[in-house]
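Student: Provided below are the primary sequence and the corresponding predicted coordinates.
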Amino acid sequence: MRFSIEQPILLTTLQRVASFSISRQNFPILNCVLIETFKEKIKFITTDLNITIITYTSAGEIEREGKLAIPTKKILSIVRELPKERVILESYKNNLLIKCGKIEFKINGMDPQEFPQIEEVKEKTLIEINPQDLTEMIKLTSFCVGMEDVNYVLNGIFFEIYEDQLKLVATDGKRLSFIKRKLPSLQSNLTTKLSFILPIKAIQELIKIIKDSEEVFIFVEKNNIGFDLKHTLFITKPIEGEFPNYSQYIPQPTETKLTIKRKDLLSALKRAELLSTSDYPGVKLELKKEELLLSKTTPQLGEVKESIPANFKGTSLQIGFNPSYLIDVLSNLEEEEVSFEIYGPEKPAVLRLEDYIYLVLPMKL
């Protein structure tokens, strides 16, 4: 294998496949990127057996075909420090020679035959997704993913695609986020419902590579979910199991609402959270006609009280929440004002926007 390529292009390509870093002592080959040259393109692959990223570039000049597995972190750190000039990469045996101007590196590689066999998807049904929509949808649901192993199907985001809509849902059993968006107008309606649960680790890596993408297509191949980003494929295994019937937990709208400026509530909650401990996490909200009284008392630490202008339609009441559950959603929204529907001190509060619902359970104080 021998090819040359401009340093900025090589660096960007390596960063794309090296977005997730692993360190497996028992399987050192998984710490490598497989570089393979063909007549007109260069392919880079990384995998941890659950997530695989494949990216191609045709920007290099290929002199000799071949392939080699190289430690990902090492080659990335070297290329990052090279000047922005043309780089020559050449393999011999299981070593890689990197030349850039008067700089020359020699790196020990591994036998490419030890690298896991990644089956290329030859024929696939592609479902187009607007990358900006997908980014926003993940942003407004990912903080609700369950991080504990109580129920493994809650350790990811539930995707549901049917007709002309994409829906994403996440819940940890104490709160729930639901969002839907229409598919691009050129995407034909799906007559068969497609649903799967993507693990949070895959979501975190996916969001890194779609943020600058102009197009994203989803496909399902055997037991894998794939995202086709023109020159890059992101493939991951979904979580097996049945996601809860989330719609049964979302109550019908009510006129009993707390309407308040988002930034005012967010700032007050952040201040109150400064006195939160694992034993005393909750804050108390006293809902009145024209104000919200927010207070927090923690033994051995202290207390805080704050009055915020607000509008509450309903009978005055007190309700408690884990402040971080409200901070998470308020931090990710951009609206000036938000309204929480209140059903009682022991029932979930619901924030509804167009095509978005956030539900959060109260807590005893």
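Tutor: Looks like it arrived, so ask away. Numbers count the residues shown, from 1 in each chain.
Student: where do the helices sit along the stretch 101-250 of the chain?
Tutor: Along the stretch 101-250 of the chain, the stretches classed as helices by DSSP state H, counting those that start in this stretch are 131-139, 200-210.
Student: nearest to Leu292, of those helices?
Tutor: Each of those was checked against Leu292 via Cβ to Cβ, and the shortest separation belongs to helix 131-139, namely 26.1 Å. (Glycine included, C-beta is placed from N, CA and C.)
Student: pLDDT of that closest one, averaged?
Tutor: The predicted model gives helix 131-139 an average pLDDT of 95.
Student: what packs against that helix?
Tutor: strand 165-171, strand 175-182, helix 200-210 (3 or more Cβ pairs under 8 Å, 6 or more residues apart in numbering; DSSP states H and E).
Student: nearest to Gln113, of the helices of the stretch 101-250 of the chain?
Tutor: Between Gln113 and the helices of the stretch 101-250 of the chain, the shortest gap by Cβ to Cβ is with helix 200-210, which sits at 26.3 Å.
Student: how about residues contacting that closest one?
Tutor: Counting by Cβ atoms under 8 Å, 6 or more residues apart in numbering, helix 200-210 makes contact with 16, 19-20, 50-51, 53, 131, 134-135, 138-139, 142, 145, 147, 155-157, 198, 216, 227, 229, 232, 234, 236, all of which sit outside it.
Student: any of those residues buried? List them.
Tutor: Under a neighbour-count criterion of 16 or more other Cβ atoms under 10 Å, the subset of the contacts of helix 200-210 counted as buried comprises 16, 19-20, 51, 53, 131, 134-135, 138, 142, 145, 155-157, 198, 216, 227, 229, 232, 234, 236.
Student: so what's Ile129 closest to, chain neighbours aside?
Tutor: Nearest-residue entry for Ile129: Val216, 4.8 Å, with adjacent residues in sequence omitted and distances by Cβ to Cβ, 6 or more residues apart in numbering.
Student: which residues touch that neighbour?
Tutor: By Cβ under 8 Å, 6+ apart, the residues touching Val216 are Glu128, Ile129, Asn130, Pro131, Leu134, Ile210, Phe227, Asp228, Leu229.
Student: quick check, nearest of those to Lys261?
Tutor: Taking Cβ to Cβ as the measure, Lys261 sits nearest to Leu134 out of those, at 29.2 Å.
Student: residues in contact with stretch 246-262?
Tutor: When contacts are taken as Cβ under 8 Å, 6+ apart, the neighbours of stretch 246-262 outside the stretch itself are 158, 169, 171, 176, 178, 287, 292, 308-314, 330, 333, 335-343, 347-348, 350, 352, 357, 359.
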